[in-house]
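*Asks:* Structure of the sequence below:
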Amino acid sequence: MRTVVVTGATSGIGEASVRTFLENDYLVVAIGRRIDRLQALVTEFGATKVHSINRDVRDFQGLAAAFNEIPERFQSIRCLVNNAGLLVGENDVIQSDTNDWDTMIDTNIKGVLHAIKAVLPFLLQGGGGHIINVASIAAYYPYMGGNVYAASKAFVHQLSLNLKTEFVAKNIRVSCVSPGKTSSEFFLVKFKGDEKKAKAAFKSVMPLEPVDVANAIYWVASQPQHININVLELMPSNQPFGLG
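*Replies:* Purely as a prediction, here's the structure:
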């Protein structure tokens, strides 16, 4: 059976992607930092369908070691949904905490590269596959306070396009999916646990649901092998661009 690897699998778009691919007869390697949520997925779907990796994508050595121990049943990896990412803090550059920058850069940039590096040997061994990187509309549309987060997602967008050229001869497709405002824990993380501010972010917008984005990701993955969706952008109908 085919296996998909999903990073950031314990909430939001990542968890919805796990469920969507399972519904479409994939096995799933679910990567996340919250072991209780990973265990809940394994309990719900069974250890023969979900293999959990409790690692932070910022830790490449730990991630690589975990992939060295993947059970044989899950080794037919054909797709990576590179979803782990976050926005921390709401300030402009002058007032920003540089620790927040480090967290975003290490997760949104280095973490994406780490997951690709860890999964590539399996794709190459299997004769090809698909890397789907999750970026954001913040990569294309500036908004107040976007600074480092938006720049990190622009990196994901450009990396995807360049990897497409790099892997074209290796039968590996590369796509970038960029959602707008989505109802998840994203804004709760942005506002560092302030639920009032997180809820206010959706005051004037009917957001996408995580399953909406997961369905788009699966659609990208399910296209015939001769088709590569380079970039897919989706957002709420009543969102006037920007994430602020």
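*Asks:* ranges for the strands of the chain?
*Replies:* 3-7, 27-32, 50-54, 77-82, 129-134, 172-179, 231-234 (DSSP state E).
*Asks:* Give me whichever of these is most buried.
*Replies:* Mean neighbour count (mean count of other CB atoms under 10 Å) peaks for strand 3-7 among those, with a mean of 29. For the C-beta atoms, the positions are set from N, CA and C on the backbone; glycine is no exception.
*Asks:* what does that one contact?
*Replies:* 14, 17-18, 21, 26-32, 57, 74-84, 111, 115, 119, 221 (CB atoms under 8 Å, 6 or more residues apart in numbering).
*Asks:* Give me the sheet partners of it and which way each runs.
*Replies:* Its sheet considered, strand 3-7 pairs with strand 27-32 (parallel), strand 77-82 (parallel) by DSSP bridges.
*Asks:* possible to save these as a markdown table with mean pLDDT?
*Replies:* Output for these, formatted as a markdown table (pLDDT from 0 to 100):
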| stretch | mean pLDDT |
| --- | --- |
| strand 27-32 | 98 |
| strand 77-82 | 98 |
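*Asks:* will you turn those into a markdown table that also has distance to Lys170?
*Replies:* Formatted as a markdown table, these follow (distance: least, CB to CB, whole Å):
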| stretch | distance to Lys170 |
| --- | --- |
| strand 27-32 | 21 |
| strand 77-82 | 13 |
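*Asks:* got any ranges where the protein has weak pLDDT?
*Replies:* By pLDDT under 70, the low-scoring segments of the chain are 187-191, 194, 197-198, 200-201, 243-244.
*Asks:* That one: helices as residue ranges?
*Replies:* 12-23, 35-45, 60-67, 98-104, 111-125, 147-167, 186-190, 195-200, 210-221 (DSSP state H).
*Asks:* Go through those and name the closest to Ser178.
*Replies:* Set against Ser178 and scored by CB to CB, those come closest in helix 147-167, at 6.9 Å.
*Asks:* helices or strands up against that closest one?
*Replies:* helix 98-104, helix 111-125, strand 129-134, strand 172-179, strand 231-234 (3 or more CB pairs under 8 Å, 6 or more residues apart in numbering; DSSP states H and E).
*Asks:* Count the residues that sit near Ile109.
*Replies:* By other CB atoms under 10 Å, 18 other residues sit near Ile109.
*Asks:* picking up where we left off before, for the strands of the chain, give me a markdown table that also has distance to Val211.
*Replies:* A markdown table is the format used below for the strands of the chain (distance: least, CB to CB, whole Å):
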| stretch | distance to Val211 |
| --- | --- |
| strand 3-7 | 14 |
| strand 27-32 | 15 |
| strand 50-54 | 18 |
| strand 77-82 | 14 |
| strand 129-134 | 14 |
| strand 172-179 | 12 |
| strand 231-234 | 12 |
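*Asks:* Val205: which of those strands is closest?
*Replies:* Per CB to CB, nearest to Val205 of those: strand 172-179, 12.6 Å.
*Asks:* what's in contact with stretch 145-157?
*Replies:* For stretch 145-157, the external contacting residues (CB under 8 Å, 6+ apart) are 82, 85, 87-88, 90-93, 96, 100-101, 104-105, 108-109, 112, 133-136, 138-140, 142-143, 176, 178, 231, 242-244.
*Asks:* same deal with stretch 34-53?
*Replies:* Contacts for stretch 34-53 (CB under 8 Å, 6+ apart): 9-11, 15, 18, 22, 27-32, 54, 63, 66-67, 70-71, 73-74.
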